[in-house]
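# Quick one, what's the 3D model for this:
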Amino acid sequence: MSVLTRVAVVAGVSALALSGCAAAGPQTAAPSPIDSASQPVALSNCGFDVSFDSAPERVITIKSSTTEMLLALGLGDRIIGTAFQDGPVPAEWATAAAALTSIAERVPSEEAVLDLEPDLVFAGWESTFSADGAGARADLTSLGINTFVAPSACQSSGQPAKLSFDDVFSDIETVASIFRVDASELIADQSAQLASIDANGAGRTALWFSSGSDTPYVGAGIGAPQLLLETVGLTNVAADVDATWAPYNWEAVVDVDPDFIVLVDAAWNSAEKKIGVLEANPATANLSAVKAGRYLVVPFAASEAGVRSVEAAASLSAQIAELDG
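Below you'll find the predicted structure:
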């Protein structure tokens, strides 16, 4: 099976994996308001203090992980613009996503942000907020615009020592609290799905290949890639690197000769492109996984901590079973 065909299969597995919870869960239903007249929600987010007097109504989401978080919580109608989307959303959110407007292919300028008059900019990466990006957080706050970064994506402060699914579910609960909606059904559905995942990669190794050619950029030992590999029983060849993602070296990969290679598939850096890199390098072309085509494909949006993390683990397990079959 070609990788292009397998990317389509991955998308099918992802949709199927969540179909059991999409029918009645908050992914597709209108959000249930909770404590709409409650006290302000005050949080420290990546070391930056934020306070929400009421649920945001006009939100710009930057990165797929944040867009999909709101869609999963039934909050698509709050999104007034998206930016830096990594690929198509899963089928269960496609209708809601079709109504969204993209304001930039990558990080939008502060001017583009201000033009939409949002009350919240919700970013998947902390680096989004800079003077030459979407705007510095303090500057946006001074203009009455709140900012928020997916908590598990924090780098400067508050990053989990090692990401767990408790952290992932806590992120969902935190975002739900900002919008005064109930995430309990979504989290219960995802917890049930997580408990059913087969750790069928046990006893084998994997390289999480995110990008790069001369120097590979890989999923390291404390973030979402490590969590997903551990969930399906695989040993990450870069597990001893204390980072979420990190530069690595091909010599170390060749020495381990991993059983599987995880390819992160993004609209701006495809799985097929990564295979081209692996096959063009004489050293990596001889890796067992490359010669046997033992690739596992993860959509970029599902490779970051969020509402697709459980789905991504289920998909990895299904792909391992297919390759083993």
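# From here on, just use CA atoms for contacts and neighbour counts.
Fine.
# Not counting residues beside it along the chain, what's closest to Ala321?
Asn200 (7.2 Å; Cα to Cα, 6 or more residues apart in numbering).
# wait, Phe300 sits on Gln85?
No. Under the criterion of Cα atoms under 8 Å, Phe300 makes no contact with Gln85, lying 9.6 Å away.
# Do you have the helices of the chain handy? List them.
Using DSSP state H, the helices assigned to the chain run over residues 3-22, 64-72, 94-98, 110-115, 137-142, 165-178, 184-195, 224-231, 250-256, 271-280, 282-285, 288-292, 309-324.
# Out of those helices, which gets nearest to Val50?
Across the helices of the chain, Val50 has its closest neighbour in helix 137-142 (8.7 Å, Cα to Cα).
# Please spell out which residues along that closest one are buried.
137-138, 140 (16 or more other Cα atoms under 10 Å).
# Just the closest of these to Gln159, please.
Using Cα to Cα, the buried residues of helix 137-142 come closest to Gln159 at Arg137, 17.9 Å.
# For Pro216, give me its contacts.
Pro216 makes contact with 209-210, 247-250, according to Cα atoms under 8 Å, 6 or more residues apart in numbering.
# Of those, which count as buried by neighbour count?
Buried members of these, scored by 16+ other Cα under 10 Å, are 209-210, 247-248, 250.
# Looking at those, which is nearest Thr128?
Using Cα to Cα, Ser210 is the member of the buried ones among the contacts of Pro216 that lies nearest Thr128, at 19.4 Å.
# Just the residues contacting stretch 190-207, thanks.
Applying Cα under 8 Å, 6+ apart, the contact partners of stretch 190-207 are 17, 21, 218-219, 229, 231-238, 253, 258-262, 310, 313-314, 317, 320-321.
# what do you get if the cut-off is 7 Å, keeping everything else the same?
With Cα atoms under 7 Å, 6 or more residues apart in numbering as the test, stretch 190-207 has contacts from 231-237, 258-262, 310, 314, 317, 320.
# Any idea how far apart the tips of stretch 281-300 sit?
23 Å (Cα to Cα, to the nearest Å).
# Now tell me what touches stretch 101-121 from outside.
56-62, 80-84, 128, 132-135, 144-148.
# And stretch 139-159, by the same measure?
Residues outside stretch 139-159 that contact it (Cα under 7 Å, 6+ apart): 45-47, 118-126, 137, 160, 171, 305.
# Against Glu272, how distant is the closest residue to Pro299 other than its chain neighbours?
In space, Pro299 comes closest to Asp265 once its chain neighbours are excluded; the distance is 4.7 Å by Cα to Cα, 6+ apart. Asp265 sits 8 Å away from Glu272, going by Cα to Cα.
# Among these two, which residue is more densely surrounded?
A count of neighbours by other Cα atoms under 10 Å puts Asp265 above the other of Asp265 and Glu272, at 25 against 16.
# which of the residues in stretch 148-167 are buried?
By 16+ other Cα under 10 Å, the buried positions in stretch 148-167 come out as 148-155, 159-160, 162-165, 167.
# no wait, stretch 205-214
In stretch 205-214, counting by 16+ other Cα under 10 Å, buried: 205-211.
# Closest to Ala97 out of those residues?
Using Cα to Cα, the buried residues of stretch 205-214 come closest to Ala97 at Ser210, 25.4 Å.
# Just the pLDDT at the closest one, thanks.
We have a pLDDT of 94 for Ser210.
# so it touches Val264, yeah?
Yes. Using Cα atoms under 7 Å, Ser210 is in contact with Val264, at 5.3 Å.
# how close does Asp115 sit to Ala99?
Taking Cα to Cα, one finds Asp115 at 19 Å from Ala99.
# Compare these two (neighbour count), which wins?
Ala99 (13 against 8).
# So the protein: which segments form each domain?
Listed by automatic domain parsing, the domain ranges of the chain are 3-16+199-324, 27-182.
# Now that we have those, can you turn them into JSON lines and tack on distance to Gln190?
Listed next are these as JSON lines, based on distance: least, Cα to Cα, whole Å:
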{"stretch": "domain 3-16+199-324", "distance to Gln190": "6"}
{"stretch": "domain 27-182", "distance to Gln190": "9"}
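# Spit out the contact partners of Ala123.
So Ala123 contacts 61-63, 66, 148-150 (Cα under 7 Å, 6+ apart).
# Please name the bridge partners of it.
Bridge pairing for Ala123 (DSSP bridges) gives the partners Ile62, Val149.
# What is the nearest of the buried ones among the contacts of Pro216 to Glu92?
The shortest gap between Glu92 and any of the buried ones among the contacts of Pro216 belongs to Ser210, at 25.9 Å (Cα to Cα).
# Could you check how far the closest one is from Asp265?
For Ser210, the distance to Asp265 - Cα to Cα - is 8 Å.
# What is the nearest of the buried residues of stretch 148-167 to Gly74?
Comparing the buried residues of stretch 148-167 against Gly74 with Cα to Cα places Ala150 closest, at 17.3 Å.
# Relative to Ala313, how far out is the closest one?
Applying Cα to Cα to Ala150 and Ala313 gives a distance of 19 Å.
# ok, and what's touching stretch 254-265?
204-210, 271, 274, 284, 287-289, 294-300.
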